[in-house]
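[1] I'd like to go over a predicted model; first the sequence, then the structure.
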Amino acid sequence: MINIGVLISGGGSNLQSVIDNIKSGYINARIAVVISDNKNAYGLIRASEVEIDTETVDFPSFDHRSDYDAHIVAILKRYDVELVVLAGYMKVVTPVFIDAYKNKILNIHPALLPSFPGLHVQKKTLEYGAKFSGCTVHFVDEGVDTGPIIAQAVVPVLDDDTEESLSSRILKQEHKLYPLAIRLYTQNRLTIEGRRVMVSPPISHDERINIAPPHSSG
Ligand code: GAR
């Protein structure tokens, strides 16, 4: 069974959906450690509630980004982590990290990449006037939200949407999309060809619908 390390910065509702989908048997993996750059992240409580080890790393106490990432990598190695899942982790990952976990780091982003990379993307989506948004799970490379795309889900933008309402509808889809992508990875079904990620065997109807809803979000 593969050891996963989850990195968070905040609420951890995506972490919760991974926890719930491991519990239901949808994902065959174990979360070895949850690491946060924010000691007040609610996701740390979610992890502790189910007795997952947690670590907090204080970003400002490092002189260089690469030292900070080397420290994170050391923790991941100590826990024998084989797959890194960024779940609302608000730090850019440096080459030290990417090289240590080449094509073994996944990220979820609340937009249909390559549109709206970076931060505050739901606000930017509304301001731009896009009619569809959604979420993307991708491998992490050296760029910001530029890695090969594994899966996407589309969410319509409604005329009366606010940043909050749009974010919350996208988040609901994230809670389905991330477990699906992690399942595909752990089953060794992903192959990267250039920028394209091929899935073999293809995603079935049953595995799309059998995703456990997170027991709580926020
Ligand atoms: C999610 O919408 C995730 O896609 C986004 O932060 C939120 C975290 O929610 N991530 C990014 O914007 C990464 N750049 P959560 O803490 O409840 O999982």
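    All right, it came through fine.
[2] Tell me the residues of the chain that contact the ligand?
    Residues of the chain lying near the ligand by CB under 6 Å from any ligand atom: 8, 10-14, 43, 87-88, 90, 108-110, 171, 174. To be clear about C-beta, it is placed using only N, CA and C from the backbone, and glycine gets the same treatment.
[3] Mind doing that once more with 8 Å?
    8-16, 41-43, 86-90, 107-110, 118-119, 121, 135, 145, 167, 170-171, 174, 217-218 (CB under 8 Å from any ligand atom).
[4] Among the residues you listed, which lie within strands?
    With strands defined by DSSP state E, the entries of the residues of the chain next to the ligand inside them are Ile8, Leu86, Asn107, Ile108, His109, Cys135.
[5] and these, which are buried?
    With burial judged by 16 or more other CB atoms under 10 Å, the buried subset of those is Ile8, Leu86, Asn107, Ile108, His109, Cys135.
[6] From those, pick the one nearest the ligand.
    The nearest member of these to the ligand, counting by CB to the nearest ligand atom, is Ile108 at 4.6 Å.
[7] My read is that that closest one contacts Lys176, right?
    No. The pair Ile108 / Lys176 is not scored as a contact, 11.0 Å apart, by CB atoms under 8 Å.
[8] quick one: the helices in this structure?
    13-23, 42-49, 65-78, 95-100, 121-128, 163-186, 205-209 (DSSP state H).
[9] Give me the distance between the residue of the chain found nearest the ligand and Pro114.
    With CB to the nearest ligand atom as the measure, Gly88 is the residue of the chain nearest to the ligand, at 2.6 Å. Distance, Gly88 to Pro114, using CB to CB, to the nearest Å: 20 Å.
[10] picking up where we left off before, want to try CSV for the buried ones among the ones in strands among the residues of the chain next to the ligand, with pLDDT as columns?
    Output for those, formatted as CSV (pLDDT from 0 to 100):
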residue, pLDDT
Ile8, 98
Leu86, 98
Asn107, 98
Ile108, 98
His109, 98
Cys135, 98
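[11] Which members of those are the farthest-apart pair?
    Within those, two members stand farthest from each other by CB to CB: Ile8 and Cys135, at 16.4 Å.
[12] Looking at Gly88 and Pro114, which is more packed in?
    Taking other CB atoms under 10 Å, Gly88 and Pro114 do not tie; Gly88 has more neighbours (22 against 11).
[13] what sits against the more buried one?
    Going by CB atoms under 8 Å, 6 or more residues apart in numbering, Gly88 touches Ile8, Ser9, Gly10, Gly11, Gly12, Ser13, Asn14, Leu15, Gly43, Ile108.
[14] let's see 7 Å
    Gly88 is in contact with Ile8, Ser9, Gly10, Gly11, Gly12, Asn14, counting by CB atoms under 7 Å, 6 or more residues apart in numbering.
[15] any chance of the helices of the chain in a markdown table, with mean pLDDT and mean neighbour count too?
    Below are the helices of the chain laid out as a markdown table (pLDDT from 0 to 100; neighbours: other CB atoms under 10 Å):
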| stretch | mean pLDDT | mean neighbour count |
| --- | --- | --- |
| helix 13-23 | 98 | 23 |
| helix 42-49 | 98 | 18 |
| helix 65-78 | 98 | 17 |
| helix 95-100 | 98 | 16 |
| helix 121-128 | 98 | 18 |
| helix 163-186 | 98 | 21 |
| helix 205-209 | 92 | 10 |
